[in-house]
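Student: Fold the stuff below for me.
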Amino acid sequence: MTSCYQYILFSIILITACQGANKAKSTEGTAVTGNTEASRGTGPKYVKSVQFVYPMKGDTCRFDQELEILYANNKRYPIDSAHLFFNQRKIATLDSVTKKYVFKIPREKCGTNTLKVIAFHPDNKQGVATQSFIVKPEKAPKRLNYKLIKTYNHATDASTQGLVYIDGIIYEGTGIKGQSTLRKIDLENNKTLASLSLDSRYFGEGITVYKDKIYQLTWTSQKAFVYDLATFTLQNTFDYSMREGWGLTTMGDKLVMSDGTHRLYHLDPELFSVVKNVEVYDNNGPVTNLNELEYINGYIWANEWLTDRIVVIDPETGEVVQELLLPNMLTPAEKAKLDENDDVLNGIAYNEKKGTIYVTGKHWPKLFEIKTY
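Tutor: Okay, here's the model as predicted:
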């Protein structure tokens, strides 16, 4: 009789243990299913729960400014924590009650900068808000002085759009439909060694030399020509998406192009595709009408169209760090023969060996060699 009771008791224990094991196995299976669903993209549910209070869209701030970033949330969605990003880089993790963060704006990028906040809520919900604002330099650019080294003759039929100096030779690109050319000039002897006329439908613009090739833009045709430097034989053409072609220069393994706005475009020279674009600002705001370009010692020098001003630009941040004013290069009599609305300062070339710069203008009778300090 005792053995019978023992057998029954043992059976009950065994059944209970098996049921527990099956339950645990069932629970384990449910967890696996849940993980699989998460891996298949059932991720967070996004809700409209947060917005920026400051800065507002279009607000203008300055480099090195202590920016007080403030965001607010809908009280229907309590916050567990939040991540704050500046130009896609995480700068802070905030707790459930902190909605304010002070951030020193780095000297990273002029023009449009972006903030983003990601708020994490219970029940796997997230709120996301972005805000763009403007950043400009806090100081005026340094004013450069110059010393005149030498004056050369310059062809008055040349509506200068691009200028490059290499070993005693000036390469010049000129504009106006039906008159646009590419020229090779012996500087000391003022002798044209070669000249190529563009098709009359094209208005020639900026030029630059990259390796053994010379590139030439056109104004509104959105087409660039690539020639052999030695023979001016056409080797390639590129179409570009920028609205207009203005200035062009070479910066290491990239080209840099202007389009008459306040933007500079870094280009792949093999594809003529945009690698990135940079907005150009000084302490007063965007610097527009950027025209002929020259890369000199780590900076982009640019003529500001319709002015006597050359701006010196950090090519990575877009900040105008220096400026050169050249208001009286020509005599009053020489100026009187020019169209004041078009025949303006345009053309910058660099003599690396001497550390001097050549400047001229559209239809100017002279080209000047200067040294800045």
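Student: From now on I want contacts and neighbour counts done on CA atoms only, so please keep to that.
Tutor: Will do.
Student: Break this structure down into its structural domains.
Tutor: If the domains of the chain are taken from automatic domain parsing, they occupy 45-136, 142-372, with pieces of a single domain joined by a plus sign.
Student: gap between the two ends of the first one?
Tutor: The one in question is domain 45-136. Using Cα to Cα, to the nearest Å, the gap from the first to the last residue of domain 45-136 comes to 37 Å.
Student: From the chain's centre, how far out is it? Work that out for me.
Tutor: Chain-centre distance of domain 45-136: 23 Å, with Cα atoms, centre = their mean, to the nearest Å.
Student: show me where pLDDT drops low in this structure?
Tutor: Counting by pLDDT under 70, the chain shows low-confidence ranges at 1-41.
Student: quick one, phi psi at Lys335?
Tutor: Lys335 adopts backbone torsions of phi -60, psi -40, taken as degrees, to the nearest 10.
Student: what about it, how many residues close to it?
Tutor: Lys335 has 16 neighbours, counted by other Cα atoms under 10 Å.
Student: The stretch 1-150 of the chain: helices as residue ranges?
Tutor: In the stretch 1-150 of the chain, the segments counted as helices under DSSP state H, counting those that start in this stretch are 2-39.
Student: Mean neighbour count, the domains of the chain: which tops it?
Tutor: domain 142-372 (a mean of 19; mean count of other Cα atoms under 10 Å).
Student: Need the distance between the two termini of that one.
Tutor: End to end - Cα to Cα - domain 142-372 spans 12 Å.
Student: Next: stretch 53-67.
Tutor: End-to-end distance for stretch 53-67: 13 Å, by Cα to Cα.
Student: Contacts for that stretch, please.
Tutor: Taking contacts as Cα atoms under 8 Å, 6 or more residues apart in numbering, the residues outside stretch 53-67 that touch it are 68-72, 102-107, 131-138.
Student: Ok, stretch 295-304 next?
Tutor: Outside stretch 295-304, the residues that reach it (Cα under 8 Å, 6+ apart) are 249-251, 288-294, 309-315, 345-348, 350.
Student: if we go to 6 Å?
Tutor: Under the criterion Cα atoms under 6 Å, 6 or more residues apart in numbering, residues 289-294, 310-314, 346 lie in contact with stretch 295-304.
Student: One more: stretch 327-335?
Tutor: Where contact means Cα under 6 Å, 6+ apart, the residues beyond stretch 327-335 that reach it are Asp308.
Student: Okay, now that stretch: how far is its last residue from its first?
Tutor: As for stretch 327-335, its first-to-last residue distance stands at 11 Å under the measure Cα to Cα.
Student: centre of the chain versus it, how much separation?
Tutor: Chain-centre distance of stretch 327-335: 36 Å, with Cα atoms, centre = their mean.
Student: again with stretch 297-311
Tutor: 17 Å.
Student: start to end distance for that stretch?
Tutor: Using Cα to Cα, the gap from the first to the last residue of stretch 297-311 comes to 14 Å.
Student: Stretch 233-244 too?
Tutor: 24 Å.
Student: repeat for stretch 335-353
Tutor: By Cα to Cα, the extent of stretch 335-353 from end to end equals 32 Å.
Student: To which secondary structure element type does the nearest residue to Leu293 once chain neighbours are set aside belong?
Tutor: Leaving aside its chain neighbours, Leu293 sits nearest to Ala302 (4.6 Å; criterion: Cα to Cα, 6 or more residues apart in numbering). Judged by DSSP: H, G, I helix; E, B strand; the rest coil, the three-state class of Ala302 is strand.
Student: which residues does Ala302 bridge with?
Tutor: Legend: beta-bridge partners of Ala302 under DSSP bridges are Leu293, Val311.
Student: Same check on Tyr71?
Tutor: In this structure, Tyr71 has beta-bridge partners Phe52, where bridges are defined by DSSP bridges.
Student: For the stretch 251-373 of the chain, which segments are assigned as helices?
Tutor: Read by DSSP H, counting those that start in this stretch, the stretch 251-373 of the chain holds these helices, from start to end of the chain: 332-336.
Student: need the strands for it, in chain order.
Tutor: For the stretch 251-373 of the chain, strands defined by DSSP state E, counting those that start in this stretch occupy the ranges 254-258, 263-268, 273-279, 281-282, 285-286, 290-296, 299-304, 309-313, 320-325, 345-351, 356-361, 366-372.
Student: Can you lay out those as CSV showing distance to Pro78?
Tutor: Rendered in CSV, the data for the strands of the stretch 251-373 of the chain read as follows (distance: least, Cα to Cα, whole Å):
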stretch, distance to Pro78
strand 254-258, 48
strand 263-268, 42
strand 273-279, 39
strand 281-282, 41
strand 285-286, 40
strand 290-296, 49
strand 299-304, 49
strand 309-313, 46
strand 320-325, 45
strand 345-351, 59
strand 356-361, 62
strand 366-372, 60
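Student: Would you tell me which of these gets closest to Asn153?
Tutor: For those, distance to Asn153 was read as Cα to Cα. The smallest value, 4.6 Å, belongs to strand 366-372.
Student: Could you list every helix and strand in contact with the closest one?
Tutor: In terms of contact count using 3 or more Cα pairs under 6 Å, 6 or more residues apart in numbering; DSSP states H and E, strand 366-372 is assigned the packing partners strand 146-153, strand 356-361.
Student: so which of those comes closest to Pro122?
Tutor: When these are ranked by proximity to Pro122, the top entry is strand 356-361, at 63.6 Å, counting by Cα to Cα.
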